[in-house]
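Visitor: sequence plus predicted model, see below.
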Amino acid sequence: MLCVVAAFIERDDHILIARRSTGDPNVLGKWEFPGGKVEPGETEAHAIEREIFEEFGVSVQSEKYLTNSVFEYPNRTVDIHLYQCRYISGEFQLHDHSESRWVSKEELLQYDLAPADIPLAKYVLEDSHSLQISDLVVGNKYNNKQIATAFKCSSMGGMRRSKKTNSLVLIAKHNNPLYDDQWTEDGILNYTGMGTVGDQTLEGNQNITLATSKESGIHVYLFESYQDNQYYFDGEVELVGDVYTTNELDQNQNMRTVFKFPLRLKNPNSKLLIDIQDVKNSEKEKRKSIRKFSQKEMKEKIKSIVSSGSFREVKAIYRERNSMISEYTKKRANGVCDLCGKPAPFKDKNGNPYLEEHHVVTLASGGPDKIYNTVAICPNCHRRIHVLNRKSDIDKLQKVILKYLLDDHDIENIENFKKLFSK
Ligand SMILES: [Zn+2]
Ligand SMILES: [Zn+2]
């Protein structure tokens, strides 16, 4: 029997299926949950992640086993194990398939599925894997619908009570300047109560549910959001201190009383690491709305700031650069900015002209750390190119690099340069 793994990948309530253009004639041209064979010595979870990368060029993370389907084709029997996978990164490309599609559950059976995949589709349709609280993984992102399914609560609001699961779901919206939910260095989140206008109250709303959560035994769960409809799951939290009040501006810019609830993770070992990019993006969004205020209005608001800023650990990707390439690039520029052509604005402590290395095709977007992609530019030009990303600047830098390589008769790197920039 041939054991294969298949991926159930969901995005915005749609499921990825693909049509086979290679391989076994039994399934050629049929639609399927993508996947493939498990290699000797490989775990199934690893196999599905590898297969999806090979077939589509994207990274997924296998989250859990869902179900299997055994099917006897004329020449062999296959046993397909379906794994729920979470999309991580990458653009979808087709390698072993002629087509791929994101389809709703309801549309699944309208496709000409490979026979072995039909029971899997039926399983998915029955929703027998519908999300439970215990399925939630700390650090994963969920949407409103998934939260409502797991907790059997409303899909809206910042505090969502569910009698059915005896739980209270809290959402900390870091992309909403109205709520200033800050973490302290000791891992306490000072969570702002509900109520957007006027003084907040501890009556007739979920503020009182949270304030009395210790006595009532209700389970309190925390999600944090940096983007609309994307919520990182923090896990279960508990109230660890007295509820207190402070003054903050309300939606109409009037000073009012708000409640703060000091919360701590019940399991401090499973701490959530937010992607630093999410934090930066939400910061950008906040600033956009802040800039609309006049200088005078800003001064007013600054007066109301009592906290000293939030403290949190984040997950960042560090891209290592080769220091020889960096120093070579600066030597090559000979103290003059490769973009504006002016001398470096100052010398460093060792008397070297201060220039910064920049990758014309950035490392983050897959650019190579090679001398046919690097320039040395002044800090002013460097900021400008990252803030404005102007085509005219990029064109100029390409010309400068090409001139260096031509002057150097560096045939090999001229070839590399052409390959990189002809894309
Ligand atoms: Zn410059
Ligand atoms: Zn740069």
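Guide: Here it is on my side, so go on. Numbers count the residues shown, from 1 in each chain. Ligands and ions are numbered 1, 2, ... in the order given.
Visitor: tell me where the stretch 51-200 of the chain has helices.
Guide: When assigned using DSSP state H, counting those that start in this stretch, the helices of the stretch 51-200 of the chain occupy the ranges 118-126, 144-151.
Visitor: pull out the buried positions in the last one.
Guide: Using 16 or more other Cβ atoms under 10 Å as the test for burial, helix 144-151 gives N144, Q146, I147, A148, T149, A150, F151. C-beta coordinates here come from the backbone N, C-alpha and C atoms, glycine included.
Visitor: cool, and stretch 18-30?
Guide: Buried-residue list, stretch 18-30, by 16+ other Cβ under 10 Å: A18, R19, R20, N26, V27, K30.
Visitor: do you have the strands of the stretch 201-350 of the chain handy? List them.
Guide: With DSSP state E, counting those that start in this stretch as the criterion, the stretch 201-350 of the chain has strands at 219-227, 230-239, 244-249, 255-265, 274-275, 314-315.
Visitor: any chance of the ones you listed in JSON lines, plus mean neighbour count and distance to P353?
Guide: As requested, the strands of the stretch 201-350 of the chain are exported to JSON lines (neighbours: other Cβ atoms under 10 Å; distance: least, Cβ to Cβ, whole Å):
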{"stretch": "strand 219-227", "mean neighbour count": "21", "distance to P353": "40"}
{"stretch": "strand 230-239", "mean neighbour count": "19", "distance to P353": "44"}
{"stretch": "strand 244-249", "mean neighbour count": "14", "distance to P353": "48"}
{"stretch": "strand 255-265", "mean neighbour count": "19", "distance to P353": "49"}
{"stretch": "strand 274-275", "mean neighbour count": "17", "distance to P353": "36"}
{"stretch": "strand 314-315", "mean neighbour count": "13", "distance to P353": "34"}
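Visitor: closest to S130 out of those?
Guide: With distances scored as Cβ to Cβ, the stretch of the strands of the stretch 201-350 of the chain nearest to S130 is strand 230-239 (16.6 Å).
Visitor: counting by contacts, list what the closest one packs against.
Guide: Strand 230-239 is packed against strand 141-142, helix 213-216, strand 219-227, strand 255-265, with contacts defined by 3 or more Cβ pairs under 8 Å, 6 or more residues apart in numbering; DSSP states H and E.
Visitor: would you give the sheet partners of the third one, along with the direction of each?
Guide: Each strand paired with strand 219-227, and its direction, by DSSP bridges: strand 167-173 (parallel), strand 230-239 (antiparallel).
Visitor: out of these, flag the one nearest L108.
Guide: strand 230-239 (24.9 Å).
Visitor: thinking again about what came up before, now tabulate the buried residues of helix 144-151 in JSON lines and tack on pLDDT and distance to ligand 1.
Guide: Compiled in JSON lines, the buried residues of helix 144-151 are given as follows (pLDDT from 0 to 100; distance: Cβ to the ion, whole Å):
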{"residue": "N144", "pLDDT": "89", "distance to ligand 1": "47"}
{"residue": "Q146", "pLDDT": "86", "distance to ligand 1": "48"}
{"residue": "I147", "pLDDT": "93", "distance to ligand 1": "49"}
{"residue": "A148", "pLDDT": "91", "distance to ligand 1": "52"}
{"residue": "T149", "pLDDT": "89", "distance to ligand 1": "54"}
{"residue": "A150", "pLDDT": "92", "distance to ligand 1": "53"}
{"residue": "F151", "pLDDT": "95", "distance to ligand 1": "54"}
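Visitor: list the contacts of whichever residue of the stretch 101-250 of the chain sits closest to ligand 1.
Guide: Scanning the stretch 101-250 of the chain for the residue nearest ligand 1 gives Y226, at 33.6 Å (criterion: Cβ to the ion). Shown here is Y226, whose contacts under the criterion Cβ atoms under 8 Å, 6 or more residues apart in numbering are H174, N175, Y232, I274, D278, V279, N281, S282.
Visitor: make a PyMOL selection of the buried ones in those residues.
Guide: Typed into PyMOL, the next command selects the buried ones out of those (criterion: 16+ other Cβ under 10 Å):
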select buried, resi 174+175+232+274+278+279+282
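Visitor: which one of the contacts of Y226 is nearest D199?
Guide: H174 (23.5 Å).
Visitor: touching, the closest one and N281? I think so.
Guide: No - applying Cβ atoms under 8 Å, one finds H174 not in contact with N281, separated by 10.4 Å.
Visitor: related to what we said a few turns ago, mind putting the contacts of Y226 into CSV with distance to ligand 1?
Guide: As requested, these are arranged in CSV below (distance: Cβ to the ion, whole Å):
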residue, distance to ligand 1
H174, 35
N175, 34
Y232, 39
I274, 34
D278, 32
V279, 30
N281, 28
S282, 31
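Visitor: pull the most distant pair out of the contacts of Y226.
Guide: Distances among the contacts of Y226 were taken as Cβ to Cβ; the most separated pair is Y232 and N281, at 13.5 Å.
Visitor: what about this protein, any weak spots by pLDDT?
Guide: Scanning the chain with the threshold set as pLDDT under 70 gives 127-129, 305-308, 423.
Visitor: tell me the domain ranges of it?
Guide: Using automatic domain parsing, the domain ranges for the chain come out as 2-126, 133-315, 323-421.
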